[in-house]
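K.L.:
Quick check, what structure comes out for this input:
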Amino acid sequence: MTISQPDPAAQSAAQPTPPSAAQPTPSAPHPAPPPTGSLYYGLGFLAFIGIPFLSVITAGIVMAAIYPSAKKKGALAAENARQAANWGYTLILLTVLTVGGHFALLFAFTRDEPVSGFYPLGIPITLFVVVCVVHLVVIIRGLVRAHHREVSTNRLAIPFIRAS
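P.N.:
Numbers count the residues shown, from 1 in each chain. Prediction:
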């Protein structure tokens, strides 16, 4: 007794082939959009991690320190990073001035006798709170503008880094 082998041509003719419309056609992946620089403003939220004064200085340092890496990511990202770095340097300067001003007033007014009340010793601290609120507005505005693929210019920032 012999076992017959099925003919492969007969098998392929017997099985229906699925229509080509039912098969999904692979599409080319969309290229990633170029970076906008929103990351550089987003790092400004480090100022609100809860360590008074130190977290604000840390946020300013981080915003300024990562600027050189943005030059390779496109013109929009580089310009937003430059603006964020200028604001970071300005934030550091304002924080140091307000904290230094507070201690200068503390030593000047309490040399002879203690001072009662929050003011005038609290003036630099009040200014620091205003700087923190302005910082929050600046980073949110920067994030929104960068998301819309625009450069966020900040007239309050001291231009430590000039446009090249």
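K.L.:
Residue ranges in the chain under the pLDDT threshold?
P.N.:
Scanning the chain with the threshold set as pLDDT under 70 gives 1-26.
K.L.:
mind listing the helices in this protein by residue range?
P.N.:
Secondary structure of the chain by DSSP state H: the helices cover 8-14, 38-42, 54-65, 67-70, 75-109, 123-147.
K.L.:
Would you mind confirming that Val134 makes contact with Leu156?
P.N.:
Yes: between Val134 and Leu156 there is a contact at 6.8 Å, judged by C-beta atoms under 8 Å. C-beta coordinates here come from the backbone N, C-alpha and C atoms, glycine included.
K.L.:
can you pull the contacts of the residue nearest to Ile51 when sequence neighbours are not counted?
P.N.:
Spatially, and ignoring its direct neighbours in sequence, Ile51 is nearest to Thr58 (7.9 Å; C-beta to C-beta, 6 or more residues apart in numbering). By C-beta atoms under 8 Å, 6 or more residues apart in numbering, Thr58 lies in contact with 46-47, 51.
K.L.:
Nearest the middle, which residue of this protein would you pick?
P.N.:
By C-alpha atoms, centre = their mean, the chain has its centre lying nearest to Gly42, at 2.3 Å.
K.L.:
Might you report the residue contacts of Thr98?
P.N.:
Shown in contact with Thr98 (C-beta under 8 Å, 6+ apart): 124-125, 127-128, 131.
K.L.:
Let me have these in CSV, extended by distance to Val151 and neighbour count.
P.N.:
Below are these laid out as CSV (distance: C-beta to C-beta, whole Å; neighbours: other C-beta atoms under 10 Å):
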residue, distance to Val151, neighbour count
Pro124, 33, 19
Ile125, 33, 18
Leu127, 28, 15
Phe128, 28, 21
Val131, 23, 19
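K.L.:
Check the gap between the nearest residue to Ala81 once chain neighbours are set aside and Gly37 for me.
P.N.:
Excluding its sequence neighbours, the residue lying closest to Ala81 (C-beta to C-beta, 6+ apart) is Ala70, at 3.3 Å. Going from Ala70 to Gly37 by C-beta to C-beta, to the nearest Å gives 6 Å.
K.L.:
same deal with Glu113?
P.N.:
Distance of Glu113 to Gly37, given as C-beta to C-beta: 52 Å.
K.L.:
Same question for Leu136.
P.N.:
18 Å.
K.L.:
Please identify which of these two sits among more neighbours.
P.N.:
Per other C-beta atoms under 10 Å, whichever of Leu136 and Gly37 has more neighbours is Gly37, with 29 against 14.
K.L.:
pretty sure the more buried one contacts Ala146?
P.N.:
Yes: the pair Gly37 / Ala146 is scored as a contact, 5.0 Å apart, by C-beta under 8 Å.
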